[in-house]
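Novice: build the 3D model from these lines:
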Amino acid sequence: MRKIILFSLCLVLLSACQKQQQVISASTEALPVDASLDAIQDSAYLAELAPVTADLEREMNVQIGYAPENLYVAAPECPMLNWASDALLDAAKKVYDGQVDIAIVNMGGMRCAWPKGPITRGNVFELMPFDNRLVVLTLKGSDIIALCQSFAQYGGQGVAGMRVKVVDGQLADVQIEGKAVNPEALYHVATSDYLSGGADHMDALAHYSELWDSDLLIRDLYLQAVRDQDTVRAAVDGRMTMYP
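Specialist: Numbering: from 1, shown residues only. All right, here's what the predicted structure looks like:
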């Protein structure tokens, strides 16, 4: 016991003698990650990777369709958004065992435009680089109206099967199949699993009463849509109008 007490006292004395450390100053240095680092590439690794890179480039450069006009991206409505939402609605109607009323895509999900000319596999991967899946949500009409109110607030999104009119920043009209949306009716909405959680200011989509997951990647559906259409056409048709 005496030895334990003496040992403990020694530890206390040693700790008391230690100086307290303090940070006097700190500095950082930004290292740019750009072409300046090319000189330190691992040439052996690049040599091993080269055949894979070449095969991937060949696959991505395969033409699968043609665009006679530029499919640009712009708010509140544009050819690219209209094509993407129409393609999603058509795909959902083919795989969902029931009625699909509308489709919703987000402008932020459109990662590129397609210029006039050949459309390649790589173009579709650029447009949809994410592994988002097609889902069909069951929503009340009141939630559809709330969703469109967010479109009015944030400048529009991609829609198919419906028409939205905004005047002076306020939602003025919402129609599905030429009829005003019934707040108490149920509607089936094709969209992505990402948006079904209410992302991109689409909180109303998360109020679904049912969710059907296709387990199909939207990118694959777009690839098939381009192949099926061969000549891809889309235009602004007034489905999302916003007046000052």
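
Novice: show me where the protein has strands.
Specialist: 63-67, 102-105, 117-120, 133-140, 158-160, 162-167, 170-176, 179-180, 186-192, 210-217, 240-243 (DSSP state E).

Novice: adjacent strands (with direction) for the fourth one?
Specialist: Yep, that's strand 133-140 we're talking about. In the sheet, strand 133-140 lines up against strand 186-192 (antiparallel), strand 210-217 (antiparallel) (DSSP bridges).

Novice: one more: the third one?
Specialist: Next to strand 117-120 in the sheet, as set by DSSP bridges, lie strand 63-67 (antiparallel).

Novice: can you give me the helices for the protein?
Specialist: Remark: helices assigned in the chain by DSSP state H are 2-17, 43-60, 79-95, 121-127, 141-154, 218-229.

Novice: of all those helices, which lies closest to Ala160?
Specialist: Ala160 lies closest to helix 79-95 among those, at 3.8 Å (C-beta to C-beta). All C-beta atoms are positioned from the backbone trio N, CA, C, and that covers glycine.

Novice: for the closest one, packing partners?
Specialist: Applying 3 or more C-beta pairs under 8 Å, 6 or more residues apart in numbering; DSSP states H and E, one finds that helix 79-95 makes contact with strand 102-105, strand 133-140, strand 158-160, strand 186-192, strand 210-217, helix 218-229.

Novice: so where's the protein shaky on pLDDT?
Specialist: 1-20, 31, 35, 37, 39, 45-46, 49-52, 55 (pLDDT under 70).

Novice: now do the contacts for the one residue sitting closest to the centre of the chain.
Specialist: Nearest to the mean C-alpha position of the chain, by C-alpha atoms, centre = their mean, lies Gly109 at 3.5 Å. By C-beta atoms under 8 Å, 6 or more residues apart in numbering, Gly109 lies in contact with 84, 128, 130, 132, 192, 194, 200.

Novice: so which of the strands paired with strand 133-140 is the most packed in?
Specialist: Ranked by mean neighbour count, the strands paired with strand 133-140 are led by strand 186-192 with a mean of 23 (mean count of other C-beta atoms under 10 Å).

Novice: got the angle for it vs strand 170-176?
Specialist: On the basis of axes from the mean of the first three to the mean of the last three C-alpha atoms, to 10 degrees, strand 186-192 is oriented at 100 degrees to strand 170-176.

Novice: how far does stretch 209-227 stretch from one end to the other?
Specialist: By C-alpha to C-alpha, to the nearest Å, the extent of stretch 209-227 from end to end equals 34 Å.

Novice: name the residues that touch that stretch?
Specialist: By C-beta under 8 Å, 6+ apart, stretch 209-227 touches 64-65, 84, 87-88, 90-92, 95-96, 119, 121, 124-125, 127-140, 186, 192-193, 196, 232.

Novice: circling back: out of the contacts of Gly109, which one sits closest to Ile40?
Specialist: Phe130 (31.5 Å).

Novice: roughly how far does the closest one sit from Thr241?
Specialist: Using C-beta to C-beta, to the nearest Å, one gets 29 Å for the distance from Phe130 to Thr241.

Novice: who has more neighbours out of the two?
Specialist: Thr241 (17 against 12; other C-beta atoms under 10 Å).

Novice: quick one: contacts for that one?
Specialist: 76-77, 163-166.

Novice: dump these to TSV, plus neighbour count and distance to Val33.
Specialist: Output for the contacts of Thr241, formatted as TSV (neighbours: other C-beta atoms under 10 Å; distance: C-beta to C-beta, whole Å):
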residue	neighbour count	distance to Val33
Pro76	20	36
Glu77	22	37
Arg163	17	46
Val164	26	42
Lys165	18	46
Val166	23	42
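
Novice: just name the closest of those residues to Leu147, please.
Specialist: Nearest to Leu147 among the contacts of Thr241, counting by C-beta to C-beta, is Val164 at 9.4 Å.
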